[in-house]
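In: What would the 3D arrangement of this be:
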Amino acid sequence: MIPKNVYLAGGFKSGWQNIVKECCEHYSYFDPSSHNIVNPKEYTEFDLKAVREADIVFAYMEVSNPAGYALALEIGYAKALGKLIIFVEEGLENPRKRYFDMVRYSSDFNFTSLQDGIEYLQKLENF
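Out: Numbering: from 1, shown residues only. Here you go, the predicted structure:
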């Protein structure tokens, strides 16, 4: 089965989600940055349902992301569900690096630049 649905996990400030969607147009996306839900209970339910429905979780931990708690939850949940996880982690010299070991090792593929993660997603798109 060719993976078709991608959940985009990560911060909302830089608009990286649009870059991924523009570069990999053959997927359907669950993009929590666009649902505009402000109630924490509601957006948690929405996001976790989207992770369940996704084939791939593309998680981008930007240097500008202040903590990454939600991203870590989404990756852990995806791992428990057996989803394919692509994790892009910028700023490995960042002090939080040591706290993300479990997230890193739970991911199927790890990259240090958004471009490298996108290129891998593009390769999957061509299978």
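In: quick one: what helix or strand has K41 in it?
Out: helix 40-53 (DSSP states H and E).
In: so what's E74 closest to, chain neighbours aside?
Out: Closest residue to E74 apart from its sequence neighbours, by C-beta to C-beta, 6 or more residues apart in numbering: A9 at 4.3 Å. Just so you know, the C-beta spots here come from the backbone N, C-alpha and C atoms, and that holds for glycine as well.
In: ok, and what's touching the least confident helix or strand in the chain by mean pLDDT?
Out: Least confident helix or strand of the chain, by mean pLDDT, DSSP states H and E, is helix 101-106 with a mean of 90. For helix 101-106, contacts defined as C-beta atoms under 8 Å, 6 or more residues apart in numbering pick out M61, G68, L71, A72, I75, G76, K79, I85, F87, E89, N110.
In: Can you list which of the residues you listed are found in strands?
Out: The strands, defined by DSSP state E, take in M61, I85, F87, E89, N110 from those.
In: so after whatever helix or strand Q17 lives in, what's the next helix or strand?
Out: Assessed by DSSP H and E, Q17 sits inside helix 16-23. Reading on from helix 16-23 to the C-terminus, the next helix or strand found by DSSP H and E is strand 28-30.
In: in that next one, what's buried?
Out: Y29, F30 (16 or more other C-beta atoms under 10 Å).
In: tell me the mean pLDDT over it?
Out: The average pLDDT within strand 28-30 is 96.
In: just stretch 63-70 next, same as before
Out: Mean pLDDT, stretch 63-70: 82.
In: Touching that stretch from outside, list them.
Out: 9-11, 13-14, 47, 61, 71, 90-91, 94, 96, 100, 103.
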